[in-house]
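Q: with the sequence up front, the predicted model follows.
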Amino acid sequence: MSTHNCSGLQVPCSSGQRLLQPLWDHVRTSESFFQSPLFPVVFAIATYLGFCLPFVALDFLCPWVPALRRYKIHPDFSPSARQLLPCLGQTLFQHLVFVFPVTLLHWVRSPAQLPPEAPELLQLLRDVLLCLLLFDAEFFVWHVLHHKVPWLYRTFHKLHHQNAPPFALATQYMSAWELFSLGSFDVMNVKLLGCHPLTVLTFHLINIWLSVEDHSGYDFPWSTHRLVPCGWYGGVAHHDLHHSQFNCNFAPYFTHWDRMLGTLRPAPLPAQGCGSAECTVDCTLLCASHLSQKKHSSHRGLLHLPCASMKVAHGHLQGVSFS
C-alpha cells in the first residue's frame with residue numbers, strides 16, 4: 001500500500017484508490033442527498049431518461065435523415081406518441097408509487113453510511129463485472145420461466161412484449177412484479193459482493209445503459225456487442241430477435257447461457273455495407289425468410305454475408321420457393 005493520503009484524510013491508500021478518490025470526494029460533497037431516500041428514485045429516473053432521450057430524438061429525426069436508417073434494425077418503424085407516452089407514464093408512476101416507498105422503508109431501517117475511502121479501480125471493475133454476470137444468470141432463469149409458464153407470461157411479462165419492435169422508452173414498460181423482481185436481483189448482488197457505494201452507482205449506470213441500448217433498435221458501429229470480442233455479448237440485434245420470436249435469446253446481455261442451453265439464435269448482420277434503401281430492404285427480407293424457414297438449412301450461411309453479397313444472393317434465390 002502507498003503511504004500517500006487520500007484527499008487530506010490520514011488513510012493510507014493504493015494507487016487504484018487515488019485514481020478514484022477525487023471522484024468519490026466529489027460525490028460525498030452531496031452526502032446528505034446521497035443518503036436520502038429520494039436519491040435512488042431520482043438517480044434511477046434521471047439516468048434512465050437521460051439514456052433514452054437521445055434515442056427518442058434519433059427516432060424523431062430518422063424519417064428526415066436517411067443516413068440514420070442504415071443503423072436502424074427496423075428502418076421503417078418509428079414509435080408514435082401513443083406508444084411513447086404510456087411507456088413514460090408507466091415508468092414515472094411505478095417509481096413514485098412503488099419504488100419510492102420501498103426505498104423510504106429501507107432508509108428508515110438502515111440509513112446508508114458512506115466510507116471516506118474510494119474503492120480500488122481494479123476492485124470496482126471486478127465487482128461491476130461480477131454483478132453483471134450474476135444479474136445475467138438470474139435474469140436468464142427468471143426470463144425462461146416467464147416465457148415457458150403461460151400463467152407467468154400472461155400475468156406479468158406480456159406487458160413488456162406489447163411493443164414490438166422495441167424502442168428505448170419501452171425498456172422499463174413492464175409490470176410492477178417484473179420491476180421489483182429485477183430490482184431485487186440488483187440489490188441482492190451488490191450486498192452479496194459487499195460492493196462499495198461508488199461501485200453500486202457504476203453498476204447501476206452500466207446496467208441501465210445496456211438495457212436501454214438493447215431495446216433502442218439502433219445497431220451502431222460503436223454498439224457494445226461490437227466492442228466485446230468472440231460474440232460473448234449479444235447486443236441490440238440479439239435482443240430484438242427475442243422480441244420478434246419469443247423463444248430464443250433469453251439472457252439480457254451475455255450469450256453463454258443461451259449457448260449452453262440451446263436457446264441462442266444469432267441475429268442477422270445489419271445491412272450496413274451500402275447506403276441504398278433498396279439494399280436494406282432486400283437484406284432485411286432475405287434474413288427474415290431464412291430465420292422463419294428453418295428447413296432450408298443449406299442457406300443459413302447467407303445470414304452472415306455482407307450486404308452486397310446478400311443482395312446478389314437474393315437475386316439468385318428469387319426463383320426459389322419458400323413455401
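A: Received the coordinates, thanks.

Q: pLDDT at T29, what is it?
A: Per-residue pLDDT puts T29 at 88.

Q: how about Q35?
A: For Q35, the predicted pLDDT is 83.

Q: which regions of the chain lie under the pLDDT threshold?
A: 1-17, 110-112, 269-323 (pLDDT under 70).

Q: any idea which residue sits dead centre in it?
A: Nearest to the geometric centre of the chain sits S211, at 1.7 Å (Cα atoms, centre = their mean).

Q: that one contacts P252, correct?
A: Yes: applying Cβ atoms under 8 Å as the test, S211 and P252 come out as touching, 6.8 Å apart. (Each C-beta comes from the backbone N, C-alpha and C, glycine too.)

Q: verify the stated contact: G183 with V99.
A: Yes: under the criterion of Cβ under 8 Å, G183 makes contact with V99 at 7.4 Å.

Q: more neighbours, these two?
A: V99 (19 against 15; other Cβ atoms under 10 Å).

Q: for C195, see how far away the more buried one is.
A: 20 Å (Cβ to Cβ, to the nearest Å).

Q: looks to me like the residue nearest to the centre of the chain is in a strand.
A: No: using DSSP: H, G, I helix; E, B strand; the rest coil, the assignment for S211 is helix, not a strand.

Q: what number of residues lie near the residue nearest to it when sequence neighbours are not counted?
A: Leaving aside its sequence neighbours, S211 sits nearest to T171 (Cβ to Cβ, 6 or more residues apart in numbering; 5.2 Å). Applying other Cβ under 10 Å, we find 24 residues neighbouring T171.

Q: excluding chain neighbours, what is closest to H161?
A: Leaving aside its sequence neighbours, H161 sits nearest to H243 (Cβ to Cβ, 6+ apart; 6.5 Å).

Q: which residues does the helix or strand hosting that neighbour contact?
A: For H243, the host element (DSSP states H and E) is helix 236-245. Contact with helix 236-245 is made by 73-74, 161, 164-166, 213-219, 223, 225, 248-250, 252, 255, 265-270, 291, as judged by Cβ atoms under 8 Å, 6 or more residues apart in numbering.

Q: give me the buried subset of these.
A: Of all those considered here, the ones buried according to neighbour count by 16 or more other Cβ atoms under 10 Å are 73, 161, 166, 213-219, 223, 225, 248-250, 252, 255, 266-270, 291.

Q: and the nearest residue to G234 once chain neighbours are set aside, what is it in contact with?
A: Spatial nearest neighbour of G234, excluding adjacent residues (Cβ to Cβ, 6+ apart): T255 at 5.1 Å. Residues near T255 by Cβ under 8 Å, 6+ apart: 231-234, 238, 264.

Q: in PyMOL, select just the buried ones from those.
A: Those of the contacts of T255 that count as buried under 16+ other Cβ under 10 Å are selected in PyMOL with:
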select buried, resi 233+234+238+264
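
Q: let me know the closest of the contacts of T255 to L124.
A: Y233 (19.8 Å; Cβ to Cβ).

Q: measure the closest one to L85 for me?
A: Taking Cβ to Cβ, one finds Y233 at 32 Å from L85.

Q: ok, now F156?
A: Taking Cβ to Cβ, one finds F156 at 23 Å from L85.

Q: neighbour count for those two, which is higher?
A: Relative neighbour count places F156 above the other of F156 and L85, with 18 against 12, counting by other Cβ under 10 Å.
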